[in-house]
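[1] Just a sequence and a predicted model for now, questions to come.
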Amino acid sequence: MRTTLLGVLIIAVVIAGIILGVYLLILVIKALRKYVSSKEVRREKKEIAKSLGQVLKEHRTRCKMTQEFVAEHLGISRQAVSKWESGASDPNTANLIALAKLYGVAPEELLKETYD
């Protein structure tokens, strides 16, 4: 009696494993189909993507500020501002917060505008 019950239990576990495996395979196939069908959206996002440097430069020019003015306000060199805008380097967190305050936006907004 025990061996029969154990056999039935093993068969039930094997069947449950097979069903779970098939279910996971179906989920993976659905995810892959969705990813493949979103190719056009991903291509469009890539085309309109901006770097952090581009976003910083756009805000600076919108505010009609020069790199020299921004540098003096933050207590850094003009070359540092130039490097940020060209993408050669990124501002540290403190400078990013100071830039956001200077440009009148939230720091999160500066980062949300980038897609990199």
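    Now that the structure is in, tell me what you want to look at. Numbers count the residues shown, from 1 in each chain.
[2] and the gap between K57 and K83?
    12 Å (CB to CB, to the nearest Å). (C-beta placed from N, C-alpha, C; glycine too.)
[3] Which one of those two is surrounded by more residues?
    Neighbour comparison, K57 and K83: the larger count goes to K57, with 19 against 15 (by other CB atoms under 10 Å).
[4] so which strand or helix has that one?
    Element membership for K57, per DSSP states H and E: helix 52-62.
[5] Run the chain-centre distance for that helix.
    19 Å (CA atoms, centre = their mean, to the nearest Å).
[6] after it, next one along is what?
    helix 67-74.
[7] ok, and for whichever helix or strand comes after that next one, which residues are buried?
    Tracing the chain C-terminally past helix 67-74 and defining elements by DSSP H and E, one meets helix 78-86 next. The neighbour-count check on helix 78-86 (16 or more other CB atoms under 10 Å) flags A80, V81, W84, E85 as buried.
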